[in-house]
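1. Here is the input, now give the coordinates:
(one chain, ligands or ions: 1)
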Amino acid sequence: MRIAVLGTGYVGLVAGAGFADFGNEVTCVDIDAGKVERLRKGEIPIYEPGLEKLVQHNVAEERLHFTTEIATAVGTAEVVFIAVGTPSAHDGSADLSQVLAAARDIGRAITKFTVIVTKSTVPVGTCSKVEAAIAEVAKVPFSVASNPEFLKEGDAVNDFMKPDRVILGCNDTRAVDVLKKLYAPLVRTNDRCLVTDPISAELTKYAANAFLATRISFMNDMANLCERVGADVELVRRGMGMDARIGNKFLFPGVGYGGSCFPKDVKAVMSTARDAGWPLQILEAVDQVNDRQKRVLADKVLRKLAPGVAVEGPWKSPPLADKVIAIWGLAFKPGTDDVREAPALSIVKRLLEAGATVRAHDPVAMKTFEQLISSTVDKHLLTRFSIHEQAYEAARGADALCLVTEWHQLRRPNFAKLKTIMRTPNLFDGRNTWEPSEVRELDFGYEGIGRK
Ligand code: NAD
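-> Here you go, the predicted model:
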């Protein structure tokens, strides 16, 4: 099948390369000429395990192409995917400007019956808006479907190739048949395709992300309660997860959820619900708990290193002025260089505002974090911030080490070595990754999230 994919970000690039790997002829289009140029040279603009090999292999086999010219790509395609960004607008709703611009471009470029699919995460009713935008300019028949993407960064290739489910939201059986044929090789072992109306498909994606975010905020709230009543959330979590109705996934407390999806999708579905006259009260709380959770680790550092001082500024003098804090992990989760809405940003910013010197390390997200922080944090604060290629180098001379992202390589560090290079051996484990008894035996101060 001939396919065009608009947008070569985390979703579009994985989908394009994935479909090509099943023998389809795929052209990926992006308005970012620099990105397309890099992709043509075989350079992958994002870090995603397995993606580089997949792209390079399919480019070499001449099934995967990159261009900025939408007309050439779309004109010959049977199926066109829209995988552009849907960031938060100021009021929390999803900003559809990229999607609708892409739709109009597609409308002008189609030359025969084409199935146009929104893969971007879009609010209910967007399918109709896309349809209307295309209809304004198209001269040939077309059909629009909603096919939300459920891949997770860090394991995106695997998720795309072996999806738990494929949701096809479309009222036109001709388009559904085309899409079922396209997805058949990915869902061979059993039929994991669910055909729905477009609105239900659109809402399914938000409902799924909002539910996962709810589990995280629930566990974060519970962890904070554990600390106050003397329980250990790691035991509580395991006990809860043994119940088959609950299951043991997504019950890990931490420093709050981040990334390009959960924060914006929770806000977007809340906005949809308010407009529909049915505010989602649970999600209002999920969002608030998450904002609060992003402060918890820095609060712990402040309490330990500046005892007796209020954790909230403004302070008469910066409470961490003579302190050095190491941060391990900047990406919003392991396996990606994505730092959008990463809790690390709130933590680092807060520590810098409290006067600390911050030395950070991440195995792959150093460059993306540097770009993010330099565009969002005051320059005078950044004089006390540095990023280090080596994890131990970041910890050198530190009064506290905060684990913010639980990369594999940071899970079993050499604690004896850490002890010799840190100025004061304090560990703040934002992911409950290290064993408290083991590190306390080595005379580290240890605080996790909701642990004894
Ligand atoms: P991204 O920001 O990484 O990539 C979007 C790309 O679209 C950019 O390269 C941009 O230049 C390009 N673009 C914008 N307008 C264009 C146009 N008119 N034509 C061609 N290209 C255009 O975004 P992403 O993370 O891949 O997310 C895309 C969508 O998928 C969002 O709606 C997101 O919510 C959803 N989603 C993301 C994930 C994820 O893990 N990142 C998972 C599931 C769903």
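2. State the distance from the closest residue to Gly241 other than its chain neighbours to Leu302.
-> Excluding its sequence neighbours, the residue lying closest to Gly241 (CB to CB, 6 or more residues apart in numbering) is Asn248, at 3.0 Å. The C-beta positions use only the backbone N, C-alpha and C, and glycine is treated the same way. Counting by CB to CB, to the nearest Å, the gap from Asn248 to Leu302 is 33 Å.
3. Mind checking which of the two has more residues around it?
-> Under the criterion of other CB atoms under 10 Å, the comparison of Asn248 against Leu302 puts Leu302 first, with 24 against 13.
4. where's the spatially closest residue to Phe22 that is not a sequence neighbour relative to the ligand, distance?
-> Once flanking residues are discounted, Phe22 sits nearest to Pro185: 4.7 Å by CB to CB, 6+ apart. Distance, Pro185 to the ligand, by CB to the nearest ligand atom, to the nearest Å: 21 Å.
5. now do Asp155
-> Relative to the ligand, Asp155 is positioned 10 Å away (CB to the nearest ligand atom).
6. got the contact list for that residue?
-> By CB atoms under 8 Å, 6 or more residues apart in numbering, Asp155 lies in contact with 49, 335.
7. quick one, what contacts the residue nearest to Gly241?
-> 237-238, 241-242.
8. any idea which residue sits dead centre in this structure?
-> Gly259 (3.1 Å; CA atoms, centre = their mean).
9. Correct me if wrong: that residue contacts Pro343.
-> No: Gly259 is beyond contact range of Pro343, at 9.7 Å (criterion: CB atoms under 8 Å).
10. Now do the shared contacts for those two.
-> Joint contacts of Gly259 and Pro343 (CB under 8 Å, 6+ apart) are Phe332.
11. Name the residues of the stretch 101-250 of the chain found near the ligand, please.
-> Residues of the stretch 101-250 of the chain lying close to the ligand (CB under 6 Å from any ligand atom) are 101-102, 105, 120-121, 149, 151, 153.
12. Strands of the protein, start to end?
-> Listed in chain order, the strands of the chain (DSSP state E) span residues 2-6, 25-29, 64-67, 79-82, 114-118, 142-146, 166-169, 193-196, 324-328, 357-361, 385-387, 400-403, 426-429, 445-447.
13. Can you tell me the strand partners of the second one and which way each runs?
-> When sheet partners are counted by DSSP bridges, strand 25-29 sits next to strand 2-6 (parallel), strand 64-67 (parallel).
14. just the fourth one next, same as before
-> Sheet pairing of strand 79-82 (DSSP bridges) gives strand 2-6 (parallel), strand 114-118 (parallel).
15. before we move on, the earlier item: tell me the confidence at the residue nearest to Phe22?
-> Note on Pro185: pLDDT of 95.
16. Next one, pLDDT for Leu151 please.
-> 97.
17. That one and Lys162 touch, don't they?
-> No: if you go by CB under 8 Å, Leu151 and Lys162 don't touch, sitting 10.3 Å apart.
18. how about whatever residue of the stretch 1-150 of the chain ends up closest to the ligand, phi and psi?
-> Here the residue of the stretch 1-150 of the chain nearest the ligand is Gly9; by CB to the nearest ligand atom that distance is 1.9 Å. When read as degrees, to the nearest 10, the backbone of Gly9 gives phi -90, psi -150.
19. which residues does it contact?
-> 46, 83-85.
20. so can I have TSV of the residues you listed showing neighbour count and distance to Val364?
-> Converted to TSV, the contacts of Gly9 look like this (neighbours: other CB atoms under 10 Å; distance: CB to CB, whole Å):
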residue	neighbour count	distance to Val364
Ile46	19	10
Ala83	26	22
Val84	26	24
Gly85	18	21
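21. In helices, which of the contacts of Asn248 fall?
-> Of the contacts of Asn248, the ones assigned to helices by DSSP state H are 237-238, 241.
22. near the ligand, which residues of the stretch 251-400 of the chain?
-> So the stretch 251-400 of the chain meets the ligand at 260-261 (CB under 6 Å from any ligand atom).
23. can you map out the helices along the stretch 251-400 of the chain?
-> In the stretch 251-400 of the chain, the segments counted as helices under DSSP state H, counting those that start in this stretch are 262-275, 281-305, 343-353, 366-376, 379-382, 391-395.
24. Please apply the same query to the stretch 51-200 of the chain.
-> Under the criterion DSSP H, counting those that start in this stretch, the stretch 51-200 of the chain carries helices at the ranges 51-60, 70-75, 97-109, 126-137, 156-161, 173-183, 198-229.
25. Give the buried residues for the first one.
-> Counting neighbours by 16 or more other CB atoms under 10 Å, one finds that the buried residues in helix 51-60 are 51-52, 54-55, 58-59.
26. now for those, which pair is the farthest apart?
-> Based on CB to CB, the longest span within the buried residues of helix 51-60 runs between Leu51 and Val59 and measures 12.1 Å.
27. returning to that earlier point: mind giving me CSV with the strands of the chain and columns for distance to Pro413 and mean neighbour count?
-> Listed next are those as CSV, based on distance: least, CB to CB, whole Å; neighbours: other CB atoms under 10 Å:
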stretch, distance to Pro413, mean neighbour count
strand 2-6, 40, 26
strand 25-29, 39, 25
strand 64-67, 39, 22
strand 79-82, 42, 28
strand 114-118, 44, 28
strand 142-146, 45, 24
strand 166-169, 40, 22
strand 193-196, 44, 16
strand 324-328, 8, 27
strand 357-361, 11, 24
strand 385-387, 18, 17
strand 400-403, 9, 27
strand 426-429, 10, 24
strand 445-447, 13, 17
